[in-house]
Structures are given as C-alpha cells and as structure tokens.
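Colleague: sequence and predicted structure are below.
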Amino acid sequence: MKKVKLKVPATVANLVCGFDILGMAVHAPYDEMELRLLETPDIIIKHTDSFGLPEEPSSNVAGIVLVKIQEYFNLKNGFEVIIHKHIKPGSGLGSSAASAAGAALGANLLLGNKLSKEEVVHFAMFGEELASGVRHADNIAPCIYGGITLVKSTNPIDIIPLNSPDLFVTAVHPQVEVKTSDARQILKKNISLKSAVEQWGNIAGLVAGIQKNDFSLIGRSLNDVIIEPVRSILIPKFDEIKEKSLQLGALGGGISGSGPSIFMLSEQKETADKIAQMMESVYNEIEIESFVYVSKINPAGVQIVEES
Ligand SMILES: Nc1ncnc2c1ncn2[C@@H]1O[C@H](COP(=O)(O)OP(=O)(O)O)[C@@H](O)[C@H]1O
Ligand SMILES: N[C@@H](CCOP(=O)(O)O)C(=O)O
C-alpha cells in the first residue's frame, strides 16, 4: 500500500469524572487525512485548513509521530501527509489527538501493520506530548479503538474498550480557545481524600452504567468534583448551559476534554436537538460565535476511506 485516506473522528475526553482515563469517539466533527509512503526519507506535512498550524514535522502533532516511527524502524522511506482539519485546534474535541492518531494509524497501514494497536497508541502519544506536554491517551485511545475506552495505564499501555451505549452527543464549541497545556497548568496538584473517594465513586458508577447500558446510572455518575470546578471558569456560560441541558432532558455532561467545548448525552434525537438550539442561543446572547454538533457515540474510530 502506497497511499491511504482516513476519516479521523473527534473525541470527547475525560467524560466528566474520568480525567485522563476515559474518552469516547463521536461521529462529528472529523478530520480527513491522506498519507503517502515516499521513496525519499522526507516527511512532508500539508494542511488544507486555515488554522495556521506548523508544517515543520518536529513542530506538528502528526509530523512528530511520523518522525518517531521513521526512527523506530530506521526507515529509508519518508511520508507525505495532507491534513484536511475540521476539528479546530484548542477546541477540546481532540484536534491534536486526531492528527496524532491518524498519522500513527496511517503510517502503520502503509508499513504493513507491523505495529499492534497498543504500539500505535504509543507512537500517537508523542503527538499529544508535543501539544500538551503530557503523554495522555484518553483522546487517542477512543480515536483508534472507537467507542468508549478506559485507559487503565499508559506505561505499560493498558487500554480497555468499553461498551458503546446508544446515546446522542450534543457538543458546543464556543469560539474561545483553551489550549490543553494551559488547562492542565491551572489544575491543583493535590486533592483531599474526601474528593478522591467521591470521584472514584463517580468513575466506577459511570463505567458500570456504560457497561450495563444503565442510562440513569450514567447520568447520576457524570459528576466531577476535582477538574470541572477549576476549568469551568475558563468557559463562558458553562453553568447555565449545564443546568438548561438537564432541564431539557440531558442525562448529563460537562467539559469536553480540556474545553472550551461542552458535551451533553441524551437518549432521544429530539432532546439532543433541543439542547443544541439552546447552546447556540445562549452564546448568541453574549455574541460569542459557536459551532454545535449533534451526533452519536462512534463505535468505529478511525476509518479507512481509500487505500491504493
Ligand atoms: N496537526 C495538528 N493538529 C492539531 N494541533 C496541532 C497540530 N500540530 C500542532 N498542533 C498544536 O496542538 C494544539 C492543539 O492541541 P490542543 O490544545 O490539545 O487542542 P484540542 O483540545 O482540540 O486537542 C494547537 O494549538 C497547536 O499548537
Ligand atoms: N485529559 C486531557 C484531555 C484533553 O482533551 P482535548 O480534547 O482538550 O485535547 C485533559 O483534560 O487535559
């Protein structure tokens, strides 16, 4: 295989209480990536979007992943990657993870699938490390595996694919950028035992609810006493949107990844659409442009659109 085209999904990391360990793939938005194996050792990055992302491989989330794979296999070949980015950087919808995961998975396809899924995650994490300074996999894992994943450990890599409940996801991206690196720097380094116990209960309840398709338990568990109280101050109208979403029938939700996007889960499309309309109107009232996405949990992850 010399060329592959991929559809790379956005992801909602943390899932409220599962900071750095839980995440899910969604159907919209998504990036499109084209990767080509080169006879020369060059690594060429091209963006068709206007986000002004660096195209120097060592400064690009996709590029660094390809550099690391080339070094690991001591390749004489290089890669060309064209990124049609629709997941806005700094959105909280896994923009960096999409580039990193798409590069790692695409390179592996071009090299004949020599890497295991865990190894693909390992190389993709070099991209997250460039973007946020931390090798976290809670966006990368659902992007590669699809659905909802639990990252039990990143060293060694231990990823548990979970059930994908048939739920709608409404996500709003207010056009204020929150870089993951900044949103990590403001976090407390120590928490009380009381908060830890409450958070463990939420995580355990959420995982149990996901596995049992118990939507009430999922809703009761979508609480965060550690990260959200700190990060929500970076997101205009967060509390109002969360309260109104619940009033409209959402199971629950919260900050998507490191924000500023906010996501809500609901059982019915009608509810998801009503939440979307409310989210857009709340931001219109304060003249902040926003993009709203209504989709479902995406069990597929990265999809091959074309190979040759
Ligand atoms: N190919 C790329 N795709 C996305 N982000 C990139 C890429 N290359 C470099 N970056 C850097 O990573 C940042 C996006 O990462 P992050 O803040 O985590 O966004 P998100 O929350 O959407 O994942 C960008 O602001 C940019 O500095
Ligand atoms: N666990 C990370 C997730 C970052 O997600 P992103 O979509 O904002 O990149 C964190 O919360 O820092």
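Modeller: Structure received. Numbers count the residues shown, from 1 in each chain. Ligands and ions are numbered 1, 2, ... in the order given.
Colleague: contacts for the worst-scoring helix or strand of the chain on mean pLDDT?
Modeller: When the helices and strands of the chain are scored by mean pLDDT, DSSP states H and E, helix 180-185 comes last with a mean of 86. Contact with helix 180-185 is made by 90, 92, 96, 131, 132, 133, 134, 231, 234, 257, 258, 259, as judged by C-beta atoms under 8 Å, 6 or more residues apart in numbering. Backbone N, C-alpha and C define where each C-beta goes, glycine included.
Colleague: ok, the helix or strand where residue 36 lies near ligand 2 or not?
Modeller: Secondary structure from DSSP states H and E places residue 36 in strand 22-38. No. In terms of C-beta under 6 Å from any ligand atom, no part of strand 22-38 sits within range of ligand 2; the closest distance is 7.4 Å.
Colleague: repeat that for stretch 133-147.
Modeller: Yes. Judged by C-beta under 6 Å from any ligand atom, stretch 133-147 comes into contact with ligand 2 through 136, 138, 139.
Colleague: surely residue 237 meets residue 287?
Modeller: No. Counting by C-beta atoms under 8 Å, residue 237 does not reach residue 287; the two are 11.8 Å apart.
Colleague: tell me where the protein has helices.
Modeller: Along the chain, the stretches classed as helices by DSSP state H are 61-73, 95-110, 117-132, 140-145, 180-185, 193-212, 215-221, 228-231, 238-247, 269-285.
Colleague: tell me which of those sits most buried.
Modeller: For the helices of the chain, the largest average neighbour count (mean count of other C-beta atoms under 10 Å) is found in helix 140-145, namely a mean of 32.
Colleague: does anything pack onto that helix? Which helices or strands?
Modeller: Counting contacts by 3 or more C-beta pairs under 8 Å, 6 or more residues apart in numbering; DSSP states H and E, helix 140-145 packs against strand 3-13, strand 22-38, helix 95-110, helix 117-132, strand 148-154, strand 157-161.
Colleague: contacting residues around the residue of the chain found nearest ligand 2?
Modeller: Relative to ligand 2, the nearest point of the chain is residue 257 (2.6 Å; C-beta to the nearest ligand atom). Residue 257 makes contact with 11, 12, 13, 14, 23, 92, 93, 94, 139, 180, according to C-beta under 8 Å, 6+ apart.
Colleague: please repeat the previous calculation with a cut-off of 7 Å.
Modeller: Each residue near residue 257 by C-beta atoms under 7 Å, 6 or more residues apart in numbering is listed here: 12, 13, 14, 92, 93, 94, 139, 180.
Colleague: measure it to residue 22 for me?
Modeller: From residue 257 across to residue 22, the span is 11 Å (C-beta to C-beta, to the nearest Å).
Colleague: which residues do those two both contact?
Modeller: Common contact partners of residue 257 and residue 22 (C-beta under 7 Å, 6+ apart): residue 14.
Colleague: list, one by one, the residues from the stretch 51-200 of the chain near ligand 2.
Modeller: Within the stretch 51-200 of the chain, the positions lying close to ligand 2 (C-beta under 6 Å from any ligand atom) are 92, 93, 94, 96, 136, 138, 139, 180, 183, 184.
Colleague: and the gap between the third one and residue 47?
Modeller: Right, residue 94. On the measure of C-beta to C-beta, residue 94 and residue 47 end up 17 Å apart.
Colleague: higher neighbour count, these two?
Modeller: residue 94 (33 against 18; other C-beta atoms under 10 Å).
Colleague: does the more buried one touch residue 138 like I think?
Modeller: No. Between residue 94 and residue 138 there is no contact under C-beta atoms under 7 Å: 9.0 Å.
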